[in-house]
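# quick one, structure for this:
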Amino acid sequence: MSIELEARQSSVESYEQYRALSTAAVASLIVGLLSCLALLDWLLLGVPVIGIVLASLAYLKVIRHRDELSGEGLARAGLALSVLFLITGTTRLSYVYVTEVPTGYERVSYADLQPDPAEVGQKVPPTALELEGKRIFIKGYVYPGRDKDGIRQFLLVRDQGDCCFGGNPRITDRIQVTLVDPLRLRYQPQLHKVGGTFHVEPATAIGAGGAVFYHLKADYLE
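Presented below is the predicted three-dimensional model:
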């Protein structure tokens, strides 16, 4: 009889000691590990931000329900990783942004090349005309053509939505690039950094059909 009573008491104690592992805490740790992606791109800084929120909520939930849930350590680890990668990612990307433009070039974005919707009939905005003959630095994607290596002329477009998923990019989202010797390009579907002398002149686009307004005689390519 005493053996059966002890067994029942042990079973009750084991049940009382059992606590479910918080799924939110596990998820926060996973997101914390994925937060390393913040080192790659500004948009990916959202991953550690989500991780911080998720880990904080998971930690508070575990604290409030200590008798039912475990995973406090996982939530802390997830929070620490998310905070770490948010700080290091922001620092790294800021450093790259500040130092990536070579000396003698002016940073330009595709936003500077877009006409004002409020100006009826405007094809080339004043911000683009002001760049005529200047040495600029811009980032974009290569519009895929027939050649894959040894490319001297190509279209640099705004994003991969234009260059990789069909359809021609709009005229103000394309720049016809001509590389000076001995620079040549091997096609890769990744972001490229290009620098050179900018010109505005209507012409026929290379490999995309239609016209092109913007040209770049490039002496810098990365």
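# return the distance of the one residue sitting closest to the centre of the chain relative to residue 64.
Central residue of the chain (CA atoms, centre = their mean): residue 41, 3.5 Å from the mean position. Distance, residue 41 to residue 64, using CB to CB, to the nearest Å: 36 Å. Where you see a C-beta, it was placed from the backbone N, CA and C, and this is true even at glycine.
# quickly note the distance from the residue nearest to the centre of the chain to residue 90.
Distance of residue 41 to residue 90, given as CB to CB: 12 Å.
# so what secondary structure elements neighbour the lengthiest strand in the chain?
Ordering each strand of the chain by length in residues (DSSP state E) puts strand 192-204 first. Here strand 192-204 touches strand 135-142, strand 174-179, strand 211-221, going by 3 or more CB pairs under 8 Å, 6 or more residues apart in numbering; DSSP states H and E.
# could you say which of those strands is packed most deeply?
Most buried of the helices and strands packed on strand 192-204, by mean neighbour count (mean count of other CB atoms under 10 Å): strand 174-179, with a mean of 24.
# which strands or helices does that one pack on?
Using 3+ CB pairs under 8 Å, 6+ apart, strand 174-179 sits against strand 153-157, strand 192-204, strand 211-221.
# so which of these is nearest residue 127?
Nearest to residue 127, of all the helices and strands packed on strand 174-179, is strand 192-204, at 11.0 Å by CB to CB.
# what angle separates that closest one from strand 153-157?
110 degrees (axes from the mean of the first three to the mean of the last three CA atoms, to 10 degrees).
# list the contacts for the closest residue to residue 106 other than its chain neighbours?
Leaving out its chain neighbours, the residue that sits closest to residue 106 by CB to CB, 6 or more residues apart in numbering is residue 136, at 5.2 Å. Residue 136 makes contacts with 105-108, 195-198, 216, as judged by CB atoms under 8 Å, 6 or more residues apart in numbering.
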